[in-house]
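Trainee: have a look at this prediction, sequence included:
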Amino acid sequence: MLGKLIKYDFKALKKTLLPLCFGAVALSVFVTILMKLFYLYQDYSQNLSRVLDDIFGTVLTLLLIFGFLGLVAAAIVSWFLILKRYYQNLFKDDGYLTFTLPVKTSGILLSKLISSTIWSLITSLFAIVSIAIFVVFGTSRQFINMDAIDTFSRIWETYWSTPLLTLKDYIIIPIIFTLLVLSSVVQNILLLFLAITLGNQVSRKHKILGSVGMYFVVNTVASIIVSTAMILLTYAGLEQIDNDSIFSITPGMDIVYIYLSVAIVISTALSVAYFFVNKYILKNHLNLE
Amino acid sequence: MNELLVCKDLEKNYSFVKALNNVNLNLEKGKIIGLLGPNGSGKTTLIKIIAGLLKADKGEVFIDGEKVSEKTKSFVSYLPERNYLDDTMKVYETVDLFSDFYDDFDKEAAFRMLENLDIDINRKFKNLSKGMKEKVQLVLVMSRKAKLYLLDEPIGGVDPATRDYILNTIVSNYAKESTVIISTHLIADVEKVLDEFIFIKNGEIVLQTSVDNLREQKGVSVDEYFREVFKC
Amino acid sequence: MTWKFDNSKPIYIQIADKIEMMILSGEYKSGESLPSVRDFAVQASVNPNTMQRAMQELEARGLIFVQRAVGRLVTEDKAVIEKCLNEKVKSITLNYLNEIKALNIKKDDAVKILNENWEN
């Protein structure tokens, strides 16, 4: 049943998000082409007219700002669409069907989480592609900006040849990076889901306002709990280990990994808490008006 | 055991309003039952509790011996008093959705009924007229071979011809062993298809009996009796 | 076609009366099988259980009988149909007479009007 739920959630998100993703790429291609036209104009005009240069320059700057804002807007809209699906499918009229399907509440929530996570990763990928198109093709007189590519390949080479990193690091870094991204995306989505669920509980009339308020409340409560836990853990840790030993026994990158792992664990713990609180509310206090 | 639905001491409050109070019901298999009461009497609240959309504050509900859960949802077919389909979906996609989730769904029957209604299954749900939307939802709900059908105001806000179509669809499609609960305030229209009826007033059950019993004993129709009981 | 019912009598009695009329008028002939309860219920837009009860009522009146594997058939006993028909005609006639006599109309005039309207 979970598979079927995901199928329908994924499809519904695809319907609204895919056009947005292609829109972002199209925007980037559009701005890139305008840049090329500007370079062409500059090459042929040879500074014939100062006034014309100024006009073109201003228009171009505005276009770049417009393009950048467009991308930011697309990113915001994509989050909005993901949350809209959650809100409508659970708390608006569609909820009458969602909650009378013969599936568990945890299944409904899990399906929303998985499909939203996948789609937020897909939209991020499209955002990166859009930016890359502009950087590689739109920032130089040549067809391709060789400088940008050179810079990137130099960073890449440095990464693979730095004496600081060993083979072990090259295995751990991608794993820990992936986990970090994934856990923070999941944590964010679940926090937003929970805020919406709570927002529907606290106010019948101002559900969206309630959700926004609940977002800050839950976030604040969570950070208080996390920092308290960290302080307590540090105390416990300091009592057990000699002050300097933690640094002496963990040379090189290990201390970074420990920090990142702790971040991942905290994030996962928060996610689990958000999930079960949300599930509890949906199961026991669902009040569709 | 011939009881399909048992409600025990149900109570439900909305902030300071008592929506249901001391509701006790025993409904048998194989009956069409009218849940009759004025607006705001608690009809929808009761149906939503049975469907699993609301939790009662007190009391219990058993459907075929089971407490309300995802299991009962697999044999309860619920038609709300609103559009509950994702209206960006095409009609045939909604049929697929029902057939994916409900094992008791008869896909062929659904497509046959939609064809009889001349509904283009490739159209988006949101582009259908109001009456068509209600018919599509009814077709989906009645294409299940469920044990219990919960129809909340199925004939409200449609023209008389559609009303007859809807009632005929209900009569000709409900499975023999199953029970149908129809909530409505349009009593004259449903009276002839009912076995029994329940009067609900201010969240309390005031009467549960059979239509012909009432006529034999009091010599009045349910519609007339309703006007008497609920006189303002 | 949906059937119309009045408010005072039980619906199953009204259905039974209606089907009785169909049999007496020859719409369903002696020995002919009737539609199934469910088909009949859909045709009349009534509850199948109510239709079932109407059928039992008709069985009690002796107008139909159940035959295994075939269903319900109109009685082959012509005498029963005859008797029911006579009763019906008599009761309609008595009703008519009650009303027409209340108007103090002479028998000859009443027969004349009856004859004039019979063909229409």
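Mentor: Received it, and whenever you're ready, just let me know what you need. Numbering: from 1, shown residues only, chains lettered A, B, ... in the order given.
Trainee: could you point out which element follows the helix or strand that contains A:Val59?
Mentor: A:Val59 belongs to helix A:50-91 when elements are defined using DSSP states H and E. Next along the chain after helix A:50-91, taking DSSP H and E as the criterion, comes helix A:95-98.
Trainee: helices or strands next to that next one in the packing?
Mentor: Contacts defined by 3 or more CB pairs under 8 Å, 6 or more residues apart in numbering or on different chains; DSSP states H and E place helix A:95-98 against helix A:50-91. All C-beta atoms are positioned from the backbone trio N, CA, C, and that covers glycine.
Trainee: what's the helix it packs on packed up against?
Mentor: Using 3+ CB pairs under 8 Å, 6+ apart, the elements in contact with helix A:50-91 are helix A:2-45, helix A:95-98, helix A:105-138, helix A:167-202, helix A:207-240.
Trainee: looking at those, which is nearest to B:Glu70?
Mentor: With respect to B:Glu70, and counting by CB to CB, the nearest of the helices and strands packed on helix A:50-91 is helix A:105-138 at 8.3 Å.
Trainee: okay, the angle between that closest one and helix A:2-45?
Mentor: Counting by axes from the mean of the first three to the mean of the last three CA atoms, to 10 degrees, helix A:105-138 lies at 10 degrees to helix A:2-45.
Trainee: and the angle for helix A:105-138 with helix A:50-91?
Mentor: Helix A:105-138 and helix A:50-91 are oriented at 170 degrees to each other (the same axes, to 10 degrees).
Trainee: quick check: next helix or strand after helix A:105-138?
Mentor: Assigned by DSSP H and E, the successor of helix A:105-138 is helix A:146-161.
Trainee: which ones are touching the most centrally placed residue in chain B?
Mentor: Closest residue to the average C-alpha location of chain B: B:Leu151 at 1.6 Å, with CA atoms, centre = their mean. Shown in contact with B:Leu151 (CB atoms under 8 Å, 6 or more residues apart in numbering or on different chains): B:Leu79, B:Leu138, B:Val141, B:Ile170, B:Val180, B:Ile181, B:Ile182, B:Ser183.
Trainee: report the secondary structure state of the fourth one.
Mentor: Using DSSP: H, G, I helix; E, B strand; the rest coil, the structure places B:Ile170 in helix.
Trainee: the fifth one now?
Mentor: With three-state DSSP as the basis, the three-state label of B:Val180 is strand.
Trainee: who's in contact with it?
Mentor: B:Lys31, B:Ile32, B:Ile33, B:Leu148, B:Tyr149, B:Leu151, B:Ile170, B:Tyr174.
Trainee: next up, the contacts around the last one.
Mentor: In this structure, B:Tyr174 makes contact with B:Ile32, B:Met142, B:Tyr149, B:Val180, judged by CB under 8 Å, 6+ apart.
Trainee: how much space separates it from chain A?
Mentor: 18 Å (CB to the nearest CB, to the nearest Å).
Trainee: hang on, the earlier thing: just the ones of the contacts of B:Val180 in helices?
Mentor: B:Ile170 (DSSP state H).
Trainee: and B:Arg82, what are its phi and psi?
Mentor: Main-chain dihedrals, B:Arg82, degrees, to the nearest 10: phi -150, psi 170.
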